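Enquirer: I would like to see how this sequence folds:
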Amino acid sequence: MRTSEYSDYRSVIADSWDRCIAWGLDHEYEPTHLEPEAGRLEEIQRVHGELLSVTEAEVLPYYRNVLANSRCLILLADQHGTVLNSWGDERITDARLKPWFQTGANWQEQNCGTNAIGTAIAVGAPVQIKRNEHFLKANRSIIGSAAPIFDAHKQIAGVLSVFSDAYLPQAHTLGMVRLLSQSVENRLISRLFGPDHFQITVNTTADNFDSPWSGILACDDSGRIIASNQRADQLLGTPTVDARLDELFTTHRNHILGHPEHESLQLTTRSKVRLSARLKRPSMTKHDPERADPTAGIRDAGQDVPLPSIDNLEYGDSAVKRCATQSLKVLQRGVPVLITGETGVGKEVLVKALHQASPRKDQPLVAVNCAAIPPELVESELFGYEAGAFTGARAQGSLGFIRKAHKGILFLDEIGEMPLSAQSRLLRVLQERVVTPVGSTEGVPVDILLVTATNRPLNARIDSGHFRADLYYRINGLRVELPSLRNRADRRFLIQSIYAQHRDRGQADELSPKVLSALENHPWPGNIRQLVNVLRVAIAIADGEEIQIWHLPEDFLAEFDSTANSDARTEGPAPTEATNRDEEVTDPLARTLQVYHKHTGNVTQAARELAISRNTLYKRLRDLGVR
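Expert: Below you'll find the predicted structure:
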């Protein structure tokens, strides 16, 4: 635990004790358990029926599969600290405390002093209260961890807590209860708003959508945010409820809400943060034939996409070829490889190609996104743990990612996001080639080839104290940098190749020169990942026909126009380029779409520049599928 975190933690306990003294409590005080009035308990449970139902759906499977062999008790309380339900082993408490773990008991600080449930409500944040940190001596036989559950409007709806009579690794137990409470919070939003609203899931990368730590936005047809979770506010850096999509993102709301369901979409916030997003339409219209999934053909065509290989990584770009050949040579000799480059340049594709070309292709390739694992769980997930090592430990223990990669390749993506505590253990593993599971003193030999990747400069992380310099020099055997798509010499051939992999059967073998030129000259801030998404969307909208300019997504064209305008301001007048641009967009519909984007969806201004009526413009936009 870092010094600042420890100070904050001690401050939470100290402030709680001060509140207890102010309420007139002393350490010897023994609270009186009062049974709720007749009918009151039924009323409380009726009011919180949805919370109870959702929590049980999340907690019960977790308890049966993970916690069944642990001596712990899970409690759900409402926003006032009244216990609504419990799961687990009541043997953790002596007879004197049993009534406090029954439905109807109340854990407010005013009555029970410093405790997990009451203090979590008081501070509005996850807490862990160890034995002697309880203000009342009567509660010092237990350890509790609790996390608030927030509703769609960021108000506390309840508290989920885990109690045990054993000394536990506090970070892991607190991480577990945070994970469960976040899962409950997300499911509440989906259940309450999913039937009638669009649901947009956002995260830093597209492979983290199913994580409980994803941001969730529920919005109506106009793009107004009706509900969201806390993580969404953190990722976007602003309160999101009652905001509109156009206020949060640079992409027009019509493009976001019209995007193929479940397909990844790259979005940029107004504060210039790039996020990956996935759309889910209102469930009540899921079977509406007019809302048929336009990407069904894409998934069929994508089944024939070949596995990545060293030979099909590049189509004439010397930098990519050099990265691949050098990485393979040194990796085969046991030298670790560090891959750098912008987000979306294909770091994971390179790793898969290296695995396929190496003598270990029949052994496991274990890929771990260090940024996707909650910090409290990184060590147990990476290094594994012994049976019964902590509350939540599986009865048979866990191998961990490193041991799963034995005899194969371990790929640690976003290595710069790994917590310092895990970095020191990883360094020992790399030095000694032995991994010691959490809760064990016995080391297990491992044979792994290591590949790491980052899109952030590790030197800056070292200077700020967030990354160990000795670990950096251990993983930096060979450092290679994959070029961005806009700087690749082979992007024309790469674009045609990706199109050929995903096109519908019967569609043209190659893109037209006009479309290819637009794609080749795009700035591509999201690199190859963005290119794949743009092509898949265009293929879906074209629906078997040859792709035209107006089939390309709106945000793609907006980025293109923005870059062109920026270049023009920087370089001064360029009549020949402007002439070429005008000649390139001669189709009336394509010109309409260009002007519509130029005026950011303002119909009146667009119609005036095109010298047509608003009704004519609306008709063209309907033909384009924009409105």
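Enquirer: Can you measure across stretch 342-362, start residue to end residue?
Expert: The first and last residues of stretch 342-362 sit 30 Å apart, counting by Cα to Cα, to the nearest Å.
Enquirer: Flag every buried residue along it.
Expert: 342-355, 357-358, 360 (16 or more other Cβ atoms under 10 Å). All C-beta spots, glycine's among them, are computed from the backbone N, C-alpha and C.
Enquirer: which secondary element of the protein has the worst mean pLDDT?
Expert: One helix or strand of the chain scores below all others by mean pLDDT, DSSP states H and E: helix 296-301, with a mean of 31.
Enquirer: Break down the stretch 351-500 of the chain into its helices, ranges please.
Expert: Counting by DSSP state H, counting those that start in this stretch, the segments of the stretch 351-500 of the chain that form helices are 378-383, 400-404, 420-432, 458-463, 469-475, 491-502.
Enquirer: Same question for the longest one: list its buried residues.
Expert: The neighbour-count check on helix 420-432 (16+ other Cβ under 10 Å) flags 422-423, 425-427, 429-430 as buried.
Enquirer: Now for those residues: which two are most distant?
Expert: Greatest spacing in these, by Cβ to Cβ: Ala422 and Leu430 (12.4 Å).
Enquirer: shared neighbours, the two?
Expert: With contacts taken as Cβ atoms under 8 Å, 6 or more residues apart in numbering, Ala422 and Leu430 have no neighbour in common.
Enquirer: do you know how far the nearest residue to Arg456 once chain neighbours are set aside is from Gly81?
Expert: Leaving out its chain neighbours, the residue that sits closest to Arg456 by Cβ to Cβ, 6 or more residues apart in numbering is Gly416, at 4.9 Å. Distance of Gly416 to Gly81, given as Cβ to Cβ, to the nearest Å: 40 Å.
Enquirer: the more surrounded of the two?
Expert: Higher neighbour count among Gly416 and Gly81: Gly81, with 23 against 19, using other Cβ atoms under 10 Å.
Enquirer: Looks like the more buried one contacts Gly104 (just checking).
Expert: No. The criterion here is Cβ atoms under 8 Å, and Gly81 misses it with Gly104 at 11.3 Å.
Enquirer: Confidence-wise, which of the helices of the stretch 351-500 of the chain is weakest overall?
Expert: Note on those: helix 378-383 shows the lowest mean pLDDT, a mean of 86.
Enquirer: Name the surrounding residues that touch that one.
Expert: 172, 368, 370, 373, 389-390, 398, 400-402, 418-419, 421-422, 425-426, 429, 435-438.
Enquirer: hmm, 10 Å instead?
Expert: Contact with helix 378-383 is made by 169, 171-172, 175-176, 368, 370, 373-374, 385, 389-390, 392-393, 398-403, 410, 412, 417-419, 421-423, 425-426, 428-429, 435-440, 444, as judged by Cβ atoms under 10 Å, 6 or more residues apart in numbering.
Enquirer: Pull out the buried residues from it.
Expert: Neighbour-count burial for helix 378-383 flags 378-383 (criterion: 16+ other Cβ under 10 Å).
Enquirer: Over to stretch 181-194?
Expert: 181-190, 192-194.
Enquirer: among the residues you listed, which are in strands?
Expert: The members of the buried residues of stretch 181-194 all map outside strands under DSSP state E.
Enquirer: Out of the residues you listed, which one has the lowest pLDDT?
Expert: Ranked by pLDDT, the buried residues of stretch 181-194 bottom out at Gly194, which scores 82.
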